[in-house]
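A.B. asks: Build me a model from this:
(one chain, ligands or ions: 1)
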Amino acid sequence: MKIPFIKMHGLGNNYIYLDLFKQEVEEELLSDLAIKVSDVNTGIGSDGLILIHPSDKAEVGMRIFNKDGSEGMSCGNGLRCTAKYAYEYGIVKEPIFHIETKAGLVEAEVDVQDNVVNEIKIDMGPPILSRHEIPMIGDSSEKVVNETFLVGENEHKITAVSMGNPHVVLFVEDINHAPLYELGPVIEKDERFPEGVNVEFIEVVNDNEINFRVWERGSGVTQACGTGACAAVVAATLNNKVTKNQEITVHLQGGDLKIKWDDRNHVWMTGGAEVIATGSFHY
Ligand SMILES: N[C@@H](CCC[C@H](N)C(=O)O)C(=O)O
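C.D. replies: Presented below is the predicted three-dimensional model:
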């Protein structure tokens, strides 16, 4: 079977995208297909698979599968790439439209010059802060802010935020020494997070800037995570390290995102998206 695809990235967070407006792929194949296309040696090489699909709730829908074949609920970088594709390939005609994800609807606005989408702003909606909704095991339904979290005998301080998908944020002094590979995979699979968790390390540079690294649930280290950058700004605000309702530049490994948690409790993400290649995957 030959499956037409487009490969796109948002700040280096790269996925194989399938346009389900033009083709059908059986549901039972999707998890395995994500694993196969992501393999850098025997596949195309990517952080996972994203489906751009017709929706009865919005102009366009998006589903994300991680590298290990697990399905995520949302993907910030994937949303910007989906928005770019939807506009440039004529699925939508207006610059403001909605995208359906498993976590709900988001609003996208594309900035277009000469029919090319340069920048995309997404209203990611309100962050979810109650422990049970993240979900994280524990007695109270309070927010998880600067909570002591034991890994073996070592104490860490965590803040947990869901942007439709679960994130845990840890503050570090120096981003270049963040224990990504040591703590990332351990916290991702910790039993206190029944659905697993994405793990972010952030260094607050000043009131307007954050340095960021991520270990993603189901994909490991990636160059960027859009929902993670939103969670990072929410966590930094909850810990009084940045001010609410102002735009924060998040420096990810693959580039910068502008994130704002506004007074209406919505998180806004603004950044770019790029096409890498098109082709057919032989499955
Ligand atoms: N890279 C994404 C998030 C992808 C899903 C995540 N790994 C999960 O399982 O929740 C982003 O840009 O947000």
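A.B. asks: From here on, just use CA atoms for contacts and neighbour counts.
C.D. replies: Will do.
A.B. asks: quick one: secondary structure of Leu173?
C.D. replies: Quick fix: residue 173 is Glu, not Leu. What DSSP: H, G, I helix; E, B strand; the rest coil gives for Glu173 is coil.
A.B. asks: ok, for Arg213, nearest residue in space, not its chain neighbours?
C.D. replies: Once flanking residues are discounted, Arg213 sits nearest to Phe201: 5.3 Å by Cα to Cα, 6 or more residues apart in numbering.
A.B. asks: Where does the one you found sit: helix, strand or coil?
C.D. replies: strand.
A.B. asks: repeat for the one 3 residues further on
C.D. replies: Per three-state DSSP, the secondary structure class of Val204 is strand.
A.B. asks: Please name the bridge partners of the residue nearest to Arg213.
C.D. replies: Leu170, Arg213 (DSSP bridges).
A.B. asks: Against the ligand, how distant is it?
C.D. replies: Distance of Phe201 to the ligand, computed by Cα to the nearest ligand atom, to the nearest Å: 15 Å.
A.B. asks: now that residue: how far from Gln23?
C.D. replies: 39 Å (Cα to Cα, to the nearest Å).
A.B. asks: likewise Asn14?
C.D. replies: For Asn14 relative to Gln23 (Cα to Cα), the value is 21 Å.
A.B. asks: what does Ser130 give?
C.D. replies: In terms of Cα to Cα, Ser130 sits 39 Å off from Gln23.
A.B. asks: quick one, which of those two is more surrounded?
C.D. replies: Taking other Cα atoms under 10 Å, Ser130 and Gln23 do not tie; Ser130 has more neighbours (17 against 10).
A.B. asks: since we're on Ser219, how many residues are nearby?
C.D. replies: If we define neighbours as other Cα under 10 Å, then Ser219 has 19 of them.
A.B. asks: Hmm, it is touching Asp68, no?
C.D. replies: Yes. Taking contacts as Cα atoms under 8 Å, Ser219 lies within contact range of Asp68: 6.4 Å.
A.B. asks: shared neighbours, those two?
C.D. replies: Residues touching both Ser219 and Asp68 (Cα atoms under 8 Å, 6 or more residues apart in numbering): Gly48.
A.B. asks: Surely Glu28 forms part of a strand?
C.D. replies: No. Residue state for Glu28 (three-state DSSP) corresponds to helix; a strand is not indicated.
A.B. asks: Those residues of the stretch 1-150 of the chain touching the ligand, which are they?
C.D. replies: 66, 72, 74-78 (Cα under 6 Å from any ligand atom).
A.B. asks: all helices of the stretch 1-150 of the chain, in order?
C.D. replies: Assigned by DSSP state H, counting those that start in this stretch, the helices in the stretch 1-150 of the chain fall at 30-38, 76-88.
A.B. asks: among those helices, which is nearest Met163?
C.D. replies: helix 76-88 (9.2 Å; Cα to Cα).
A.B. asks: Of all the residues in that closest one, which ones are buried?
C.D. replies: By neighbour count on 16 or more other Cα atoms under 10 Å, the buried set for helix 76-88 is 76-87.
A.B. asks: Thought Glu173 was touching the residue nearest to Arg213, still the case?
C.D. replies: No. Under the criterion of Cα under 8 Å, Phe201 makes no contact with Glu173, lying 9.8 Å away.
A.B. asks: Please tell me the pLDDT value assigned to Glu209.
C.D. replies: Per-residue confidence at Glu209 stands at 98 (pLDDT).
A.B. asks: Next, work out how far apart it and the ligand are.
C.D. replies: 19 Å.
A.B. asks: Show me what the closest residue to Thr82 other than its chain neighbours bridges to in the sheet.
C.D. replies: In space, and not counting its chain neighbours, Thr82 is closest to Ile52: 6.7 Å by Cα to Cα, 6+ apart. For Ile52, the beta-bridge partners are Asp19, Met62 (DSSP bridges).
A.B. asks: my read: Ile52 touches Arg80, true?
C.D. replies: No. Using Cα under 8 Å, Ile52 makes no contact with Arg80, being 11.8 Å away.
A.B. asks: which secondary structure element contains the closest residue to Ala235 other than its chain neighbours?
C.D. replies: Nearest residue to Ala235, sequence neighbours excluded (Cα to Cα, 6+ apart): Thr159, at 6.0 Å. Thr159 is part of strand 154-162, with elements assigned from DSSP states H and E.
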